[in-house]
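# sequence and predicted structure are below.
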Amino acid sequence: EVQLQQSGPEVGRPGSSVKISCKASGYTFTDYVMNWVKQSPGQGLEWIGWIDPEYGSTDYAEKFKKKATLTADTSSNTAYIQLSSLTSEDTATYFCARWVPGRSFDYWGQGVMVTVSS
Amino acid sequence: DIQMTQSPASLSASLGETVTIECLASEDIYSNLAWYQQKPGKSPQLLIYYANSLNDGVPSRFSGSGSGTQYSLKINSLQSEDVSIYFCQQNYDSPWTFGGGTKLELK
């Protein structure tokens, strides 16, 4: 069974960074691109970017190029997103989601709530 | 970026009714469209991919259609468990973009 298990809620001070994880199981981690999606409170969904765990290649939405850094550890089948220079605009739930060409995001993590507060 | 416009933003319907949600792309996305269902406090779940293909395990009362820039999600015989927010998403061209969502409630 495919599962994407994300880390717990985070609280970050303005200007700081947080790093959240997404541990994959039930499939070959390097066979699928992992994406990250942001959902602000009561709002819609925004695509942040993807990482190909096999090669480490990444692509980001323009808006998130200076905000997010995607990495992956193939030894632990875990993808990470680091959010830097936190502001109140970064308060949101962040999801990881597996990408399948033609199917889009077929499996999602449970989401991680990031709260930016002083 | 391709803009995805969903309508209506909210919808109230009775059990057993048929509902339709529309999604309009700002350019031709060649059927590269997915629909997701998101229940409160949960992650989105894939319902439909490539405009009209039902994802594994999704009830057959859900169906998708459309082409070019216009797409729709239809739910036949509405059930109580269908109360959710529904999103469309294009995966034709990066950055992948989502519609604003349709909140479906029971009347």
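Thanks, I have the structure now. On a predicted model such as this, the values are computed, not experimentally measured, just so you know.
# contacts and neighbour counts: CA atoms only from here.
OK.
# quick one, what contacts B:W35?
B:L46, B:L47, B:I48, B:Y49, B:A51, B:L73, B:Y86, B:F87, B:C88, B:Q89 (CA atoms under 8 Å, 6 or more residues apart in numbering or on different chains).
# what is the burial count for the spatially closest residue to it that is not a sequence neighbour?
Ranked by CA to CA, 6 or more residues apart in numbering or on different chains and with sequence neighbours excluded, the top spatial neighbour of B:W35 is B:C88, at 4.5 Å. For B:C88, the neighbour count with other CA atoms under 10 Å in any protein chain shown is 32.
# dihedrals phi and psi, A:D31?
phi -90, psi -10 (degrees, to the nearest 10).
# flag every residue of chain A that's near chain B.
Residues of chain A lying near chain B by CA under 8 Å from any CA of the partner chain: A:43-47, A:60-61, A:95, A:102-111.
# give the buried subset of these as a ChimeraX selection command.
Command for ChimeraX that selects the buried part of the residues of chain A next to chain B, burial taken from 16 or more other CA atoms under 10 Å in any protein chain shown:
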select /A:44,45,46,47,60,61,95,103,104,105,106,107,108,109,110,111
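# pick out the residue closest to the middle of chain A.
By CA atoms, centre = their mean, chain A has its centre lying nearest to A:W36, at 3.6 Å.
# what about that residue, helix or strand, and which?
Per DSSP states H and E: A:W36 is located in strand A:33-39.
# identify the residues contacting that strand?
A:45-53, A:79, A:81, A:92-100.
# who touches the residue nearest to B:W35 in this structure?
B:M4, B:Q6, B:C23, B:L33, B:A34, B:W35, B:Y36, B:F98, B:G99, B:G101.
# swap in 7 Å and give it another go.
By CA atoms under 7 Å, 6 or more residues apart in numbering or on different chains, the contact set of B:C88 is B:C23, B:L33, B:A34, B:W35, B:Y36, B:F98, B:G99.
# for the nearest residue to B:Q90 once chain neighbours are set aside, grab the count of nearby residues.
Of all residues not flanking B:Q90 in the chain, B:L33 sits nearest, at 4.6 Å (CA to CA, 6+ apart). Neighbour count for B:L33, taken as other CA under 10 Å: 31.
# B:D93 is in contact with B:L33, correct?
No: B:L33 lies out of contact with B:D93 (CA atoms under 7 Å); the separation is 10.7 Å.
# most neighbours of all the contacts of B:W35, which one?
Result: B:C88 is most packed of these (other CA under 10 Å), 32 neighbours.
# so which strand or helix has that residue?
strand B:84-90.
# please report how far A:S40 lies from chain B.
Here A:S40 is placed at a distance of 12 Å from chain B (CA to the nearest CA, to the nearest Å).
# so what's A:A24 closest to, chain neighbours aside?
A:L4 (4.7 Å).
# what distance do you get for that neighbour to A:I51?
Using CA to CA, to the nearest Å, we find A:L4 at a distance of 15 Å from A:I51.
# repeat that for B:N55.
In terms of CA to CA, B:N55 sits 24 Å off from A:I51.
# want to throw the contacts of B:C88 into a markdown table with pLDDT?
Below are the contacts of B:C88 laid out as a markdown table (pLDDT from 0 to 100):
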| residue | pLDDT |
| --- | --- |
| B:C23 | 98 |
| B:L33 | 97 |
| B:A34 | 98 |
| B:W35 | 98 |
| B:Y36 | 98 |
| B:F98 | 97 |
| B:G99 | 97 |
